[in-house]
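S.K.: Sharing a model prediction with you, sequence too.
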Amino acid sequence: MSYLDSTRDLLGTLVSHPTVSSDGNLDLMAVMAERLEHAGARVEVLHDATGQKANLFATIGPEAPGGIMLSGHSDVVPVTDQPWSADPFAMWEDDGRLYGRGTCDMKGFIAACIAMAPTFAARQLTRPVHFAFTHDEEIGCLGAQGLARILREREARPDLAIVGEPTLMRIIEGHKGCCEYKVTFTGQEGHGSRPDLGVNASEYAARYVTRLLELREALKHRAPPGSRFEPPWTTINLGRLSGGHAPNVIPGHAEVEWEMRPVQQADADFVNRVIRAYSEDILLPEMRRTCPEAMIATEILGEVAGLEPMEQNAALQLVSELTGANGADLVAFGTEAGLFQEIGMDVVVCGPGSIEQAHKPDEYIEMTQLSACLDMLHGLADRITAHG
């Protein structure tokens with residue numbers, strides 16, 4: 001059986017496990033662990049606190065520091081209310097395309113990596129090859145955050161990473177981060193005719209939002225010189241503002257949900273520092289003059305680091321040589337790559353399929369894309385094989 005046929009068959013198996021983020025992924029992890037162990041990999045299944053989800057980390061080659069990590073996430077987005085042509089968890093093929101939830105994002109890359117594992121194992125590798133497959137990327141990169149914490153403490157962690165998100169095999173060297181927050185305001189209800197006796201949670205939420213919008217404008221002047229992002233500055237988006245239930249009642253509860261897409265960590269630190277000081281030093285004391293129990297509570301829904309372009313990036317050089325690509329691009333969507341960059345790895349994003357197909361009904365990946373990915377992985381095997 002050819003590598004491409006093996007990858008296609010394995011992809012069908014991976015797709016048949018509906019690893020939507022709201023559900024567990026242990027059955028799929030067991031399948032992948034068995035395949036990698038059979039190929040000769042040293043495999044770890046790292047469970048999360050619930051015991052219902054896990055990351056998989058496996059290694060082929062010498063037990064030594066460094067090496068190349070092939071990284072992908074095992075979870076997929078829901079299919080609820082999407083008009084699929086057929087069962088999204090029973091992969092089908094038509095005209096050179098493989099259809100099914102996760103084929104593109106990003107089980108195609110995972111299948112190619114696992115299909116290549118026996119080849120890596122059969123070689124006398126000069127550097128280890130690591131496989132890192134995570135849970136819950138789609139809801140905040142939770143699995144990668146946990147894996148990064150573990151790898152940070154290891155002396156023998158990888159020094160390069162290829163994150164195989166769908167890029168049409170283009171090399172991506174940068175993307176913005178994504179920080180999402182929910183802020184809850186608890187005031188004191190009362191009759192609308194006596195606003196002085198209550199604490200209007202909606203009004204304080206509105207003032208908070210006004211300060212956020214001021215910061216959004218300030219961020220436009222903090223864009224790094226020569227920034228290649230579009231737009232070139234860190235952005236803030238107000239996603240949801242709610243509070244109150246009648247015009248003659250002082251609302252005692254309000255909520256704000258917002259996101260920030262930083263181009264650099266310094267911007268995220270700046271915004272969080274300023275908005276926290278505004279809440280704690282100005283808004284909250286005013287609220288508590290009338291109601292000592294008033295609260296402003298901030299919940300972090302997700303904080304995922306961006307991937308910052310680097311002048312020297314060994315992963316970029318390696319993948320450029322493997323694919324023959326000249327240069328690298330930036331993308332708008334987020335990945336787990338920045339989390340691995342934060343712990344000292346050189347990282348690029350490069351994988352089969354198009355992000356335009358991700359999350360949509362009748363998601364698909366082209367067989368030619370899987371073939372190109374396998375070519376890159378074969379090139380990697382050749383490059384790190386001892387000769388003579």
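M.R.: Arrived safely, thanks for sending.
S.K.: mind listing what residue 126 touches?
M.R.: 61, 62, 384, 385, 386 (CB atoms under 8 Å, 6 or more residues apart in numbering). Quick note: C-beta positions are derived from backbone N, CA and C, even for glycine.
S.K.: can you list the domains in this protein?
M.R.: As assigned by automatic domain parsing, the chain contains the domains 3-175+306-383, 178-304.
S.K.: tell me the average confidence for the last one?
M.R.: Translated: domain 178-304. Averaging pLDDT along domain 178-304 gives 95.
S.K.: What separation is there between residue 140 and residue 301?
M.R.: 7 Å (CB to CB, to the nearest Å).
S.K.: should've said residue 26
M.R.: Taking CB to CB, one finds residue 26 at 25 Å from residue 301.
S.K.: What of residue 91?
M.R.: Using CB to CB, residue 91 is found at 32 Å from residue 301.
S.K.: Looking at these two, which is more packed in?
M.R.: residue 91 (24 against 16; other CB atoms under 10 Å).
S.K.: Ramachandran coordinates for that one?
M.R.: phi -60, psi 140 (degrees, to the nearest 10).
S.K.: Enumerate every residue touching the nearest residue to it once chain neighbours are set aside.
M.R.: Using CB to CB, 6 or more residues apart in numbering and skipping residues adjacent in sequence, the residue nearest residue 91 is residue 100, 3.8 Å away. Contact analysis of residue 100 by CB under 8 Å, 6+ apart lists 12, 15, 88, 89, 90, 91, 92, 363, 364.
S.K.: same deal with residue 148?
M.R.: With CB under 8 Å, 6+ apart, residue 148 has these contacts: 339, 340, 342, 343.
S.K.: Over to residue 175?
M.R.: 306, 307, 330, 331, 332, 333, 334, 335, 337, 338, 349 are the contacts of residue 175 under CB under 8 Å, 6+ apart.
S.K.: Which of those residues scores worst on pLDDT?
M.R.: Among these, residue 332 has the weakest pLDDT, 82.
S.K.: what mean pLDDT does the helix or strand containing residue 113 have?
M.R.: According to DSSP states H and E, residue 113 maps onto helix 108-122. Regarding helix 108-122, the rounded mean pLDDT is 98.
S.K.: Which strands or helices does that helix pack on?
M.R.: helix 3-15, helix 26-39, strand 54-60, strand 68-73, strand 129-134, helix 367-383 (3 or more CB pairs under 8 Å, 6 or more residues apart in numbering; DSSP states H and E).
S.K.: can you tell me which of those comes nearest to residue 165?
M.R.: strand 68-73 (7.8 Å; CB to CB).
S.K.: So in that sheet, which strands flank the closest one, and in what orientation?
M.R.: Partner strands for strand 68-73, per DSSP bridges, with pairing direction: strand 129-134 (parallel), strand 160-163 (parallel).
S.K.: do you know which of these lies nearest residue 285?
M.R.: strand 129-134 (42.3 Å).
S.K.: where exactly do the helices run in this protein?
M.R.: With DSSP state H as the criterion, the chain has helices at 3-15, 26-39, 108-122, 142-152, 201-219, 265-278, 284-290, 314-323, 337-342, 367-383.
S.K.: Helix 3-15 and the last one, what's the angle between them?
M.R.: Same thing as helix 367-383. 110 degrees (axes from the mean of the first three to the mean of the last three CA atoms, to 10 degrees).
S.K.: Now tell me what touches helix 367-383 from outside.
M.R.: 3-4, 7-8, 11, 68, 70, 96-98, 108-109, 111-113, 115-116, 119-120, 123, 125, 129, 164, 168-169, 318-319, 321-323, 350-354.
S.K.: Let me see the mean pLDDT of it.
M.R.: 97.
S.K.: Narrow the contacts of helix 367-383 to those that are buried.
M.R.: In terms of neighbour count (16 or more other CB atoms under 10 Å), the buried residues within those are 3-4, 7-8, 11, 68, 70, 97-98, 108-109, 111-113, 115-116, 119-120, 123, 125, 129, 164, 169, 318-319, 322-323, 350-354.
S.K.: Surely residue 254 is in contact with residue 199?
M.R.: No. Counting by CB atoms under 8 Å, residue 254 sits too far from residue 199 to count as a contact (10.6 Å).
S.K.: Find residues that contact each of those two.
M.R.: Common neighbours of residue 254 and residue 199 (CB under 8 Å, 6+ apart) are residue 187.
S.K.: where does the stretch 1-150 of the chain dip in pLDDT?
M.R.: Judged against pLDDT under 70, the stretch 1-150 of the chain has no low-scoring part.
S.K.: Please report phi then psi for the residue lying closest to residue 302 once chain neighbours are set aside.
M.R.: Among residues not flanking residue 302 along the chain, residue 140 sits closest, at 3.3 Å (CB to CB, 6+ apart). Taking degrees, to the nearest 10, you get phi 120, psi 10 for the backbone angles of residue 140.
S.K.: mind listing what residue 140 touches?
M.R.: Counting by CB under 8 Å, 6+ apart, residue 140 touches 180, 301, 302, 304.
S.K.: Highest mean neighbour count out of the domains of the chain?
M.R.: Of those, the one with the most neighbours on average (mean count of other CB atoms under 10 Å) is domain 3-175+306-383, at a mean of 20.
S.K.: isn't residue 31 right next to residue 13, touching?
M.R.: Yes. If you go by CB under 8 Å, residue 31 and residue 13 touch, sitting 6.4 Å apart.
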